[in-house]
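Novice: Build me a model:
(4 chains)
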Protein chains: 2
Amino acid sequence: MGRWTPNARGRLEAAALELYEQHGYDQATVTQIAERAGLTERTFFRHFTDKREVLFGGAQLLQDHLVQRVADAPASAAPWEAVTTALGGAGEVFPADRESSRQRQRVIAAHPGLQERELIKLATLSEALSGALQRRGVPARTAQLTADTAIAVFKAAFTRWLEMPERPDFAALIQEAVEEQRTVVAG
Amino acid sequence: MGRWTPNARGRLEAAALELYEQHGYDQATVTQIAERAGLTERTFFRHFTDKREVLFGGAQLLQDHLVQRVADAPASAAPWEAVTTALGGAGEVFPADRESSRQRQRVIAAHPGLQERELIKLATLSEALSGALQRRGVPARTAQLTADTAIAVFKAAFTRWLEMPERPDFAALIQEAVEEQRTVVAG
DNA sequence: CGCCGCATGTCAGCGACTGACATCAGACGC
DNA sequence: GCGTCTGATGTCAGTCGCTGACATGCGGCG
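Specialist: Purely as a prediction, here's the structure:
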């Protein structure tokens, strides 16, 4: 047992999500978030670099997971196959309840600054996938284009994953989006 | 002749670009930028919503131009053809000297916050292209996937446009990237 | 037993951004 | 010509995000 009540970071995340949703991102001050978590503003900034970052803790997990899967793909797999197969397994790291994901998306959708942060997380993910592909021998420019194109697929699939009534199989949604995109660019 | 020296907005843009490059984005204060332009901090924030936006005035022009070209494409053109043809004409709205574009890219590359802003400009552009496609009868989901995929192509082509020694024909770079992407997703 | 590490608290300060109100050259109606 | 109105700018005060420097005190470790 530590000196302080445990999981300060998790309490800050929960407090922030609640306040952002109830009063809006702009109205919620960092001081309020910290107080609700039983901490001080200064401690908030020791756990998160800024007021936005508290919503994006999961991005790093997703990225590590995907990079690992690309690295682990059989040597025979083509770049596009390696990446899309990895994306198909992303459902494993999504939260058990889609509702918390939807809540988070609602907060983000309501604030441009949070959309900016989400976009750079996707861009960082794209860079990471590109790096994983390059380690498989794919040339840099091709790797980046492949990764960017894959992100377009991921976005489409994730949007559907949130929208569908019953929790869907993420791999199937990825497969659908891949096929739709192939149709599009063949056009 | 107005009461004030003209083109306040342009002077603020120039002053900001210089200071961001010379001293770094973080070190340059808005007060400094405004003073260099012969104005006050308050006036800066009347022309630009925040310290970042001063670097992104051209994005709206590009967007309007591309949306117009998608709308003007012949009815017979498939969505992908309409969008990529429009992208090919984007070279018309780039600055005459690539050096100022490179300077701007260097500043952006040096600061994550500016990268965020650039990404949301691209996302906004993607939304606008998606809207233009939907006005041509393309279903919403397909339109967005088409636009996102097109943005991946645009990024690749623009990067090359900045890098090449002689000013290249942007339409040709778009065409190259389209073909490379088709190869990629063909697996 | 005493020292140390580390998560947290306290405090002071900077700079981004905003709202309210003042100013004043030029445009415009008469 | 003359008063009025408009719109870009200035002035001022205030909030809040974020940071650096230093203090504090429990738990562990020698």
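Novice: Does the residue nearest to the spatial centre of chain A lie in a helix or a strand, and which?
Specialist: Per Cα atoms, centre = their mean, the C-alpha nearest to the average position across chain A is that of A:A59, at 4.0 Å. Assigned by DSSP states H and E, A:A59 belongs to helix A:58-72.
Novice: How about A:A82: what's its closest non-neighbour residue?
Specialist: Of all residues not flanking A:A82 in the chain, A:A73 sits nearest, at 3.8 Å (Cβ to Cβ, 6 or more residues apart in numbering or on different chains). In this view, the C-beta of every residue, glycine as well, is placed from N, C-alpha and C.
Novice: What pLDDT does the model give the one you found?
Specialist: Predicted confidence (pLDDT) for A:A73: 98.
Novice: sorry, back to before: could you measure from the residue nearest to the centre of chain A over to A:S126?
Specialist: 12 Å (Cβ to Cβ, to the nearest Å).
Novice: Quick one: neighbours of A:A75, just the number.
Specialist: 7 (other Cβ atoms under 10 Å in any protein chain shown).
Novice: State the helix or strand in which it lies.
Specialist: Short version, using DSSP H and E: A:A75 is in no helix or strand.
Novice: Thought A:A123 was touching the residue nearest to the centre of chain A, still the case?
Specialist: No - contact status for A:A59 versus A:A123: not in contact, 10.8 Å apart, counting by Cβ atoms under 8 Å.
Novice: who's in contact with the residue nearest to the centre of chain A?
Specialist: By Cβ atoms under 8 Å, 6 or more residues apart in numbering or on different chains, A:A59 lies in contact with A:121, A:124-125.
Novice: For A:L145, which three-state class applies?
Specialist: Recorded secondary structure, A:L145: helix (DSSP: H, G, I helix; E, B strand; the rest coil).
Novice: which residues sit in contact with it?
Specialist: B:152-153, B:156, B:177, B:180-181, B:184.
Novice: any residue of stretch A:87-107 up close to DNA strand D?
Specialist: No - against DNA strand D, stretch A:87-107 shows no contacts by Cβ under 7 Å from any atom of the strand, the least distance being 14.4 Å.
Novice: Write out the residues of chain A neighbouring chain B.
Specialist: A:78-81, A:112, A:115-117, A:119-120, A:123, A:141-142, A:144-146, A:148-149, A:151-153, A:155-156, A:177-178, A:180-182, A:184-187 (Cβ under 8 Å from any Cβ of the partner chain).
Novice: any idea how chain A splits into domains?
Specialist: Recorded structural domains for chain A (assignment: automatic domain parsing) are A:8-51, A:56-186.
Novice: and the last one with DNA strand C, contact?
Specialist: No - using Cβ under 7 Å from any atom of the strand, no contact is recorded between domain A:56-186 and DNA strand C, whose separation bottoms out at 9.0 Å.
Novice: and if you look at the shortest one?
Specialist: Yes - Domain A:8-51 lies in contact with DNA strand C when judged by Cβ under 7 Å from any atom of the strand; the contacting residues are A:8, A:34, A:38-40, A:42-43, A:46-47.
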